[in-house]
Each structure stands twice: as C-alpha cells, then as structure tokens.
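Colleague: let me see the structure of the following:
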Amino acid sequence: MRTQLDLDEFIPTMDTPDKVYQLFESLGFKVLDSHLKTNPSVYNLPAKEAALVEKIYAVSNYDRRFQILLFKLKEENKEAIRTIPEKILREVDFPFIIFTPDFKTYIFTLVEKVREGPGEFKRKLTKLVIDSAQPYHTDKEILTSLALSSETKNPVDVYKLFQSTFSVEKVTKKFFTEYREVFERLVREVTRQNKHLKFTLFSRDGSIENFVKILLGRLMFLYFIQKRGWLNCFDGWGSGDKKFLYNKFQEAKKDKKNYFKDYLEPLFFDTLNNPRRDKPDQATQFGGRIPFLNGGLFEPDYKYNDPSEIVLIDNDSFEQVFSVFEKYNFTVKEDEPLEKEVAIDPEMLGKVFENLLEENLRKGKGTYYTPREIVHYMCHESLINYLASEVSLDQDVIRNFLDREQSLEKKETLSSVIREKAKEIDEKLADIKVLDPACGSGAFLVGMLHEVINARLSLNRELGRNKSEYQLKKEAIQDSLYGVDIDPGAVEIAKLRLWLSLVVDYNLPEIEPLPNLDYKIMVGNSLIELLNTTLLSRTADQDRNKLIEELNITKADYSTAFDMDQKRKLREKINSLVQILVNYDQKIEKDRIWHRLLGYQGQTKIFEDAPIQPSFGDIEKKLSKKLDELDKLKDVSVTDHFEWHLNFNEVFKNGGFDVVIANPPYVKEYVNKSAFNGLRTSPYYQGKMDLWYVFVCRGLDLLKRSGVLCFIAQNNWVTSYGASRMRDKVISDAQILSLIDFGEYKIFEAGIQTMVMVFKKDVSLENYSFDYRRLQGNDLVLDDILALLSKSSNNNAEYLNPKISRASFIDKTLTFSNSGTELILEKIRSAANFHLDPVKEVAQGIVCPQDYVIKSSLEVLGDNFKIGDGIFVLSDNEVKTIRLSEKELELIKPYYTTNELQRWYGDPENRKWIIYTNSSFRDKKKVEDYPSIKTHLDQFKKVITSDNKPYGLHRARVEHFFMGEKVIALRKCTEPTFTYTDFDTYVSATFYVIKTERMSQKYLTGLLNSNLIAFWLRHKGKRQGNNYQIDKEPIIDLPILEPSQSEQKEITNVVDQIINATKIDNENFKVYELEKKIDQLVYKLYGLTPEEIAIVEGGEK
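Modeller: Alright, predicted model coming up:
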C-alpha cells in the first residue's frame, strides 16, 4: 500500500538515494532495492561518459523496457546530461533518468526517440530541474501527476503517462492563461487608481494597457535575471537573492511602504538603467550589486519623479502578480526542439507580448507566433543553403556537419571535407548577415544565433582556438543579426531576448551590458523606403565619401558605448551626419527633377499648336508629386518608412543580406486599409493582395546575389489572383529551393493554412527542379508535420520534385503534381476546345456589404436592433413590414443562399429578398421615388459602407447574370458544387455565376460536377488546405470540351434525371449512381484510359 507524501515537506528533505526511491514508491511505482547499484558497463556507456558517473541506481523497471534510473554525477556536467541519455536509449526502450551532482539539485529527464529522417532517429530530452531547497509549485504539481494507478503495468502505458506529464506546452499555456488574468486585473486596478492621469499620461486609447504590458514585461525579465543570482549580490555575481523581487515585496508590506514607488521605480530607473553606479566597489541602494543592463526596457517612459505624473499602484495589486510568478520555474536558456525544460524560458517574453495585442490590433498587424519546431527548421535550412552556396559544398555535406551526433567522443570528429574547409566555413559564419524584416519579439534572430554559434563552436578544435560560446554569441549579435519591426515594444523584447541568450552561460568576472543594438534591431515600416537607395554609395566626391566613412565609424563606436551622455552625443552625431547626407542628396535629386520638369514644360509650350503627347502632362504631374514627397520627407513618422540603405549601409556596401527570414504579417487590404498606405504606388502592389506578398518581394530585393529567403506564410499564394505579381517576382528573380505545404494542419492558433518557402536569389538557371512537400488529408497532427520536415515516410505526406521553366511560369499559377498526374492533366488540357469569356460569361455575386445587422453593428446602432435584422437582405416578414409600393417592389429581387442552392439544382422557393439598388443610387435624389426603402435604409446609415452608400449596393453586378438559365458555382467548398437554375436567382459574392449562350448549360453543369473536373481543380485550381476555392481565375481556366450535339444531349439527359431525383427525398443513392454515369461519359469524351481513370479516382496520388 502506497504512503501519501506531503511534497511541500518531503522535497526539501530529499537528500539521499533512498528518498528518491521513497518518492516513486509513494507515487505507486514498483521500486527496486536501493542498495542494488549498477555499473556503467551494464548500459554500455563509453569510457568518457562513464568517467563522469559516480554511481547508477536502478529505481524502477517495467519489463526492462521502461526504466527509472538515478545517476549520481561526480560533478555538475551539462554535456553528460545531454549525451548519456543517447547511449541509454540504445539499451532501454523508454528511459527516465534523474541526474544529480549532490542530492540537492535534481534533473528529472524524460528521454524520447524521435525520427529525423528515413531510418534516422535522435534523442529528445524534456527536463524538470528541481532545487530541493526551493521547489516550485509547478514542480510539485508535475510530480504529483506522475501518480501511477495499480492497474497500470504495461511499460508503454507508464511511458505515455510520463510523456503527458512532462509537457512543456501544458505548462506554458497554463502560465499564459494566468498571466493574461493578471494583466487584465492590473489594467483594471491601474485605471481605478489613476483617474488623475486620465487626461495626461493615460489620455490615449490603450495607454494603460501598454503601461501594464511594459510593467509586467519588466518584472518577467527580472525573474530570468534573478534566477541567475544577479540581483543584490554581496559575494560576486551569482550570489544574489534568487527570490529578490518577492522578498522585497514582503519587505515593503512589512515596513508599510509602497512596493511600486519605493522599490520598483528605483530598481528600474535609478539602478538597472544607471551605468555610473555599477563599479566593483560600489553597491546599490538595495545593499548589494545589481547589473547595468543598457537596454531600452528600463529607460523611463514617463516622468516618474514629476509630481504631476505620479503613477499609483497599491501593494494589493501585486499580490496576484506574485501568486502567479512564484509558482513557476524560470530558466534563462531558450530550448531547442530536441532539448526542452519544463519551465518558463525567454521565449515566453515573445509569446506574452505578441499574444497580448488587442484582438483588433492582432488582426490588423497580422501577428502569429511561430512554433519552436518551425523556427528551428527554417533557421537550419537557411544556414545549410547559405553555407552550401558560399563554400561550394554539397548540401548533404553541410547538413551532416550541422546535424552530426553531439556525443563526447564524436564532438571533435569532423569529416575530411569539412576539416579542409573549416577556416573558410568559419569565416563565412562570422561574416553572415541575417535579416528578419518583421522580427516581432525576435524568435528567428535568436534561432539563427543558436544555429551559427553551434556550428562555430564545433570548429574550435579544428581551428586551434578556444573561443567561448559567450564570445562567439557577442560577435554574432553585434555583427550578424538585423531586425526591423513596426512595433517599438516588439523591438525592445527582441533586444532583451538576444541579451538573455548571451548571458545564459555567462562565466566572466564582470557582467557586461547589452551591446547597443539601436542600429541593428530597429523600428520602422520594412516595406517603404523613401530615400534613394544609392544615398550612401561611394562617388567621386571625396568629401562626401569622408562623411560616409565617419558615419560608419560613429555607428561602430555607438555599439560599444555604455555611458548615457556618450550614447546621447554619438546618437546626435549619427543623426547629424545622416541629415547632412540626406540634405545633400535631396538637393541633387530636387535639382535633377526640376531640370526634367522645366524641360517637359518647355516641350509643352513648343508643341502647344501641335498635337501634344499625352504623356507630357502625366510626367509633369509625377515629377511635381516627387518634389512634394521630398519636401514632406522630414515630417514622416518612423513607422511610415524604413531607410534600408541608410540604416544598414554596412550591409549593402557588400551587396545585401545573406539570409532574409521571417514570419511576415498576414493582412488583407479590406481588413486594414491603412496598412497599405504608401504601398499603392509600389510595383508589387495589386488588388486582392495580402501585405506579406510585398514582404517577399522586398525581401528578395534586400538579398545579395545567391542570398536565401526563408518565410512561413499562407499556402494559397501559389494560385491566388492577388499574388500574381509576387509569383512573377519569385519566378523571374529567384530560384525556388523548397516549398513545404502543411495542408490542413494549422501551425498557428489563428487557424490559417501555411507553408514554408525557401528561395535563392538567382537568375542563372532557366530550368530547374525543386523540393516540394505537402500534407494531404484531415485530422493531421504534429507528428505529421515533423515527418514532413524531416522528409520521413508518412501516409499523409507527398514528396515531389517539380520542374520549373521560368518562361512558361510567368503570369501563371503554380500547381504541381507527380509525373503521372501531370501527364493526365496535360491530356485533359489538350482535349479542351472551349473557354468561358471572363467578362461576358462569368461574374461574381452581389456585394452588399451590409446584408444583415451583425454584432459590431449593434455597438453603433444601439438597442433598438438585434443581430440578424435585415439591411439590404430581407425576410418575407420584413418585406411585408416595410409596406412597399408597387414601384418599390420592382427593386425587391429573390435572393438565394446555400440553403436553397445545392449541388446540381436549386430550390426556387427563396426565403430571402434583396433590395437591388445599383450604382445609380449613389445619386441620393434617385431614392426619393422609393420612400419606404429610403426610410428603411436610413436606419442603418451609420453602418453602411458601400461605395454607393447609403442607398446603393456596393457591387450590384450586371443584372442579366441573375436572370433566366445559368450555372452557379459555390466559391468555397469541400467538393466542386455547380448548380443549374432556370429561374431568377440573385446571389451574394459567396457564388460565381456562369451564363453562356454558346453551350447547353445543363451539359455544362454535368461536366463541371464531374470527377474529372474535380481532379483538375484539385491539382490546377485554387485550394485552401483541402477545400476548393472556385474564383473567376480557376473558372475561366477550366479545360471545357464542347462535344457534338448528340454527346451533349447524352449528358444533358442524365443531368435532367439527377435534377428530378434531387427534388425527391431519399433519392441520394440514385443521384450517386447517375453521377457515376456522368463521370464515365466525361472520361470517354476526354479519352482517358482505365489506368488514367484509376489515378483520377484516387487509385494513385
């Protein structure tokens, strides 16, 4: 019978092997005799690992497959903890290892085997670090969750319990949920306690939320710092109070002081932000030493010493903050996908920041936090492609170098090829220039830092040097990493995460401040550059060249400056030099434009009696506008543009960036028009586009020749009409290296379908093939994603190597299939002899856009309305209530939705009606003849956003499309859905309408609903995951075959039978049989063989 333990009392006493055995016995495990120690040779540990082990205890054993082992190490050794599990995995299927150097600190380690490729496996570690003197609440929760029921004896079931319990995701999700509650409560409290600042410090919308976000961010950051023992040190760095913040809070309550005013503000602004008091012999006002951080996080953002801006926060407001923060273990080390700690790591700074954006801001900015596994893969692939190109080595050689096993005896072993090129590889790694143009809180910058440093560390011995991880990281942070984001808060978080990455294994006697990254990680709009890109280019003007050199030297000096006055002076000097150069170049540009402008004006006068070229006036307007833009440049906000060639001139003097990597913001123009301000004159802008398309185009522009672009973004760009300019840019300026399409799996919680794309800026190859991977099917899980990334065998994965011929893909969508499928598609295309006219025969349905009252409308309209009330679309009862005249009834048209329009045929009994007012109703006088309609629509004036508001529909379309015989296509569907109607059918933009007099529309309905056309659309149409998106472009590209009248008649007769069957309940089986008949008739028309039919019907992918 198990003995229940009080873990609050037991863990602090857990100082012997017997106590570890007792812990697991109390949890229901069958434990072995604690006196039966085992030998490293039993587990075939190599000599180097065995030498690090003092004793091994076998705690528990389930059929030798699941084993709990306790390793007493001779001393703390991180490398042993990383490498021993890999050796144990060769002897034990499911090991759980507890490491301890002193029976005070324990590293509970779940060891898993994960597939990395065909036949390749690596070990994955998930660690729970417990300090028995100060266990956290979550530590005890996790150990309690390991309790084993008496019925559980199967080793696989025991192992699954450990996998479920040691879930980093569970802990981080729980922390964020509680953090959000703390955030919301603190917002309420700051609002309540600071009404005196309502019209000053907190006058702007969202200012209190931003204040609280920064306050909690500062506290969370300091939790990482205090974990290192760096707050209030009396005996060297690392000796500080690891519960400093909480203990000072208790002190404030005891001494009846205000924690925020008397402790936090002095700590933030007078201590952490003050370099002058950080001397070896100088303590802080708190008694011990506290480091100067040199980051923007602790620069005062309000006048904290000014009586008019005193912020009040009582001690009670911090109770809930500490009730959450004190429950969790914070670790400075950011995990890698194969090595995680069940704790809160610096990545949480990013997650919290990006997820606490208000929902409307989140949608507007398109922020989606990238999962760690994806970040690792993208950074890894970017570095592989960069090195392969720069040192002229095969990708597999580079991949093996970066992926090789990290065991002690193999760590020093490099392949002969790598050894020969070690110096060159290291130089390229040191010289790499990496950019994230939408860096957010720095996930990709930190990821690239880890990749570069791991590679350089492994070259140390071969190069005969002993550079520390700290030295290499500092070099990379100062010289290699660049980021831009439109959000100032995100930029500060990114800087802090880089600093935490730098200090994770810090062993220097003095803590160095964060390098100044103000000219490396910057605020701005990455998509708009206003100044001439040659602003800092060398010219024959030597005085100007000296200014450029002076600017470069000053920026370098600034990166290592810590004194506040020195930083201020250097910043002023940089700004002054920039302004001198800008003014110089603006004068040259303005003079050049003036000369051109005067020249065109002169030509206009010369030819004023003769026919004038119409372009003269246009050019004159453009030049005048350009002059105005140059004059306005000085008034532009920092978030309205970013001067790439000015701010990062040291990169562009060498041709550009080596790697551009990002998860760019996904923003549609109809969601946030202001996000596109300044872009509408860009060569990359077009209608129906997404903002991230411009990020790709600009990213390619910013790369040097052979540079690598790696993005994760929506997967529909390959067929989307609004992405045609981006596609052409990619095809003409880049080589596609890989597309990794995740299909229906939602990488982001926002629920969008995505892919990873890797491009190389290269135009040398006219024809090439690339790596194309995609997931198919529903109910996909993370293991499917990992298999796809590692190119492992998986039932849901498809691996292709499509061929690109640049000339043939310009102005085309990008769709790829295996060679057998492509042959069939080409056969179908060749058989086609009829295409629909995109203007005369295809039209989208009506855009109201306000059909009904929705939730957001109520906030404007008030309580007299309810959700669902008709605006432009009315129910039968609403039509009667409005009491329309006969003339007004002429504008009321039958309106149909998916409730009535099914596959094949529609129910003519409509349930809704639409007020069909076209663009002529923009003239408000016209509505005077329709008083009841006017009265009705006047109620909704405040929410109607139509171009023809308030009385005209936004897009009424040409009315004849809705009248008489036609085929209606459902835009988004799980299977192609085409509906024949022979009655007036007014529909919304949810549908497209096909209306042609050149062909039987019943025949067309039969053809379009056939399996052959579904096959075509699956491979050549637009898709969103597994769903079809049947827009105008796929419709006009349909390979329609117009057969003889008798062949048309044969299919038309079957369509008539299907339509009749759909009108009768319980006729589904009959419809199915008739559909199969149509499929066979269509196959015959296109000349498909039985083998080809098998592929079309799913016999092969």
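
Colleague: tell me if I'm right that Phe223 and Asn329 touch.
Modeller: For residue 223 the amino acid is Tyr, not Phe. No: Tyr223 lies out of contact with Asn329 (CB atoms under 8 Å); the separation is 9.8 Å. C-beta here means a position set from N, CA and C on the backbone, and glycine is covered the same way.

Colleague: give me the common contacts of these two.
Modeller: Between them, Tyr223 and Asn329 share these contacting residues under CB atoms under 8 Å, 6 or more residues apart in numbering: Ile344.

Colleague: now do the phi/psi pair for Ile882.
Modeller: phi -70, psi -20 (degrees, to the nearest 10).

Colleague: burial count for Val671?
Modeller: Other residues near Val671 come to 14 when the count uses other CB atoms under 10 Å.

Colleague: give me the three-state assignment for it.
Modeller: coil (DSSP: H, G, I helix; E, B strand; the rest coil).

Colleague: and it, how far is that from Arg1023?
Modeller: As judged by CB to CB, to the nearest Å, Val671 and Arg1023 stand 22 Å apart.

Colleague: again with Val397
Modeller: Distance from Val397 to Arg1023, by CB to CB: 36 Å.

Colleague: between the two, tell me which one has more neighbours.
Modeller: Arg1023 (21 against 17).

Colleague: need the contact list for the more buried one.
Modeller: Per CB under 8 Å, 6+ apart, neighbours of Arg1023: Asn716, Thr719, Gln1029.

Colleague: bridging residues for the last one?
Modeller: Which is Gln1029. Lys972, Lys1022 (DSSP bridges).

Colleague: quick one: Gln776 and Asn795 touch, right?
Modeller: No: using CB under 8 Å, Gln776 is not in contact with Asn795, being 9.2 Å away.

Colleague: higher neighbour count, those two?
Modeller: Gln776 (17 against 8).

Colleague: OK, contacts around that one?
Modeller: Neighbours of Gln776 in contact, by CB under 8 Å, 6+ apart: Gly743, Asn796, Ala797, Glu798, Asn1026, Lys1101.

Colleague: ok, Glu76 next?
Modeller: Here Glu76 is in contact with Pro101, Asp102, Thr105 (CB under 8 Å, 6+ apart).

Colleague: ok, now with 7 Å
Modeller: Residues in contact with Glu76 (CB atoms under 7 Å, 6 or more residues apart in numbering) are Pro101.

Colleague: please, which helix or strand holds it?
Modeller: Per DSSP states H and E, Glu76 falls between elements, in no helix or strand.

Colleague: just to revisit the earlier point, so among the contacts of Arg1023, which ones count as buried?
Modeller: Asn716, Thr719, Gln1029 (16 or more other CB atoms under 10 Å).

Colleague: for Leu231, give its distance to Tyr136.
Modeller: 18 Å.

Colleague: with neighbour numbers in mind, choose between the two.
Modeller: Neighbour totals were compared for Leu231 and Tyr136, and Leu231 leads with 27 against 18 (other CB under 10 Å).

Colleague: nearest residue to the more buried one other than its sequence neighbours?
Modeller: Phe244 (4.0 Å; CB to CB, 6 or more residues apart in numbering).

Colleague: per-residue confidence at the one you found?
Modeller: At Phe244, the pLDDT value in this model is 96.

Colleague: low-confidence stretches in the stretch 351-500 of the chain?
Modeller: 354, 357-368, 404-412 (pLDDT under 70).

Colleague: just the strands in it please.
Modeller: Here the stretch 351-500 of the chain has its strands, by DSSP state E, counting those that start in this stretch, at 434-436, 481-485.

Colleague: please apply the same query to the stretch 851-1000 of the chain.
Modeller: Under DSSP E, counting those that start in this stretch, the stretch 851-1000 of the chain gives strands at 873-875, 892-896, 904-905, 912-915, 966-970, 972-973, 978-981, 986-987, 991-994.

Colleague: so which of these is the most packed in?
Modeller: strand 986-987 (a mean of 26; mean count of other CB atoms under 10 Å).

Colleague: what does it rub up against?
Modeller: Gly845, Ile846, Lys893, Pro894, Tyr895, Tyr896, Ile914, Tyr916, Phe962, Ile968, Val993.

Colleague: spatially nearest residue to Asn715 (excluding sequence neighbours)?
Modeller: Excluding its sequence neighbours, the residue lying closest to Asn715 (CB to CB, 6+ apart) is Met755, at 4.0 Å.

Colleague: for Glu1097, that is, sorry about that
Modeller: Asn1011 (6.3 Å).
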